[in-house]
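Undergrad: sequence and computational prediction follow.
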Amino acid sequence: MKTFDDKVVVITGAGSGIGRALALDCAARGSLLALSDVDETGLAETVDLAKNVGAREIHASRLDVSDRAAFTAYAAEVVDHFGRVNVVVNNAGVALTGDVEELTYDDMDWIVDINFWGVVHGTKEFLPHLVASGDGHVVNISSLFGLISVPGQSMYNATKYAVRGFSEALREEMLVTGHPVGVTVVHPGGIKTAIARNARASDSVDQGATAALFDKKLARMTPERAAQVIVRAVLKDQARCLVGLDAHALHHLAKLTGSRYQDVVARATGRMLPARPL
């Protein structure tokens, strides 16, 4: 894929953050957009913003990516509307903070259903149409936490590692079969989005303080800049896209130190995290 002009681009989680920034970037490049989110208010705002930057055509729908039947119906609706699909960006995601011993199964199911199964649903439902397009691309949003693990993020790590493994195997399958579909797995570091503020947390976690730490000290890159990096990676058909200096630095730390990086991260995290409520 050499251009986004006149391509039908499907983006989940388009109501804010990276999803919204990607929608606006693609709109400015001449893409036709299929946008979805569970947040209908945020989604409507994205649609208005995309129109303001000259979006040629937009199809917007509320979608819970964890709902398989709903995703199947949504994919059929998008294909019926546009007649084709060229790019699918499985971006919708959530966060869950807390130690394994304190997390509930309900919260574990919640994050797996959205972060992992949402990506699987988006890939599986649209893949035949991407193949048929003759010019397809799957973009799955993992995380820096799909490259390294950190305490208190066990389930987020698990889902993002799963997205990485799923995406890398999918890319290999496309190469083996000769299908004209590229696959890029994206690993953003700290991006200025609302993911930490909207996260769930175990009872012992001070969610407000944790979100403030992310917003003020860890989130360094704007979603707009992240979108530019991701789009460039797709146009270069990169298998892996690291977004942000923190993503590059910590990935290289893990490669250099091997499993010992876990000791470094554990010590650093212990000093950085807010004290837990008594």
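TA: That came through, no problem. Numbers count the residues shown, from 1 in each chain.
Undergrad: can you get me a residue count around Arg271?
TA: Arg271 has 6 neighbours, counted by other CB atoms under 10 Å. Every residue, glycine included, has its C-beta placed from N, CA and C.
Undergrad: would you double-check that it falls in a strand?
TA: No - counting by DSSP: H, G, I helix; E, B strand; the rest coil, one finds Arg271 to be helix, located in no strand.
Undergrad: report pLDDT for it.
TA: You'll see Arg271 listed with a pLDDT of 76.
Undergrad: spell out which residues sit in contact with it, please.
TA: With contacts taken as CB atoms under 8 Å, 6 or more residues apart in numbering, Arg271 has no neighbouring residues.
Undergrad: from the chain's centre, how far out does stretch 218-238 sit?
TA: Counting by CA atoms, centre = their mean, to the nearest Å, stretch 218-238 is centred 11 Å from the centre of its parent chain.
Undergrad: before we move on, what about stretch 87-95?
TA: Here stretch 87-95 is found 4 Å from its chain centre; the criterion is CA atoms, centre = their mean.
Undergrad: start to end distance for that stretch?
TA: With CA to CA, to the nearest Å as the measure, stretch 87-95 spans 25 Å from end to end.
Undergrad: one more: stretch 228-243?
TA: Distance between the boundary residues of stretch 228-243 (CA to CA) amounts to 10 Å.
Undergrad: quick one: contacts of that stretch?
TA: Residues contacting stretch 228-243 (CB under 8 Å, 6+ apart): 1-4, 18, 22, 25-26, 29, 87, 137, 139, 144, 147, 168, 171, 182-189, 191, 221, 226, 248, 251.
Undergrad: how about stretch 190-199?
TA: By CB under 8 Å, 6+ apart, the residues outside stretch 190-199 that reach it are 16-18, 93-97, 144, 207, 210-211, 214-215, 218-223, 226, 243-244, 246.
Undergrad: in PDB, list the C-alpha atoms belonging to it.
TA: Listed next in PDB are the C-alpha coordinates belonging to stretch 190-199 (Å, rounded to 0.1, in the frame of the first residue of the first chain):
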ATOM      1  CA  GLY A 190       3.100   6.900  26.800                       C
ATOM      2  CA  ILE A 191       0.600   8.700  24.600                       C
ATOM      3  CA  LYS A 192      -1.600  11.600  25.900                       C
ATOM      4  CA  THR A 193      -4.900   9.800  25.900                       C
ATOM      5  CA  ALA A 194      -7.600   9.100  28.500                       C
ATOM      6  CA  ILE A 195      -6.800   5.400  28.800                       C
ATOM      7  CA  ALA A 196      -5.400   5.700  32.400                       C
ATOM      8  CA  ARG A 197      -8.300   7.900  33.500                       C
ATOM      9  CA  ASN A 198     -10.900   5.400  32.100                       C
ATOM     10  CA  ALA A 199      -9.100   2.300  33.500                       C
END
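Undergrad: lovely, talk soon.
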